[in-house]
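Peer 1: using only what follows, build the 3D model:
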Amino acid sequence: SSTSAAIRYIYQNHGLAGLWHGTSAGILKTVPKYCTAIVVKDYMESYLATINDDRNDGHILSKTNHLQRSAIKSATAGVAGAVLTNPLDVIRNEMFKTNLGLMETIKKLHREMGSSFMTRGLGKNMVAVSIPVGCTIFFTDTLIEMTK
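Peer 2: Take a look at the predicted model:
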């Protein structure tokens, strides 16, 4: 009942468009976050392979130790995704707080905080974003490896 009451309230006060408020910012933050994470994951895979080629002593990064390699590249990708897309998370959250549109929110943030708005909440975002993104990449790698 509380969900239906919230939907009813939004529709009555903001119309049909109100039900989609924040969608543009949500897409603008989610797509780059995962694209960034995948690019970094692929880079780390190449980098770790280079380290492995330089070391033939069975070190921790050997090709047979898939879990450790996957953990390293997944964690790095998750953190990169969180840091590089933090400004988009700030914009989206501010849109919900202020009920402003995308461009109005960006202008407001820049007017009030300058470019420092881009780092607002970065510490919390690192935890809230990097863990799920990193885990998604890690578990996907693990499942792929298990099917080989």
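
Peer 1: can you pull out the low-pLDDT segments for this protein?
Peer 2: Flagging of the chain using pLDDT under 70 yields the residue ranges 50-64.

Peer 1: tell me how far the residue positioned nearest the centre of it lies from Gly101.
Peer 2: The structure's the chain has its C-alpha centroid closest to Lys33; by CA atoms, centre = their mean the separation is 4.0 Å. Separation of Lys33 from Gly101 (CB to CB, to the nearest Å): 21 Å. All C-beta atoms are positioned from the backbone trio N, CA, C, and that covers glycine.

Peer 1: look up which helix or strand the residue nearest to the centre of the chain falls in, please.
Peer 2: Here Lys33 sits within helix 23-54, counting by DSSP states H and E.

Peer 1: any buried residues in that helix, and which?
Peer 2: Neighbour counts over helix 23-54 (16 or more other CB atoms under 10 Å) mark 25-26, 28-29, 33-34, 36-37, 40-41, 44-45, 48, 52 as buried.

Peer 1: thought Thr105 was touching Thr98?
Peer 2: Yes - applying CB atoms under 8 Å, one finds Thr105 in contact with Thr98, separated by 6.4 Å.

Peer 1: those two: which is more packed in?
Peer 2: Thr105 (23 against 12; other CB atoms under 10 Å).
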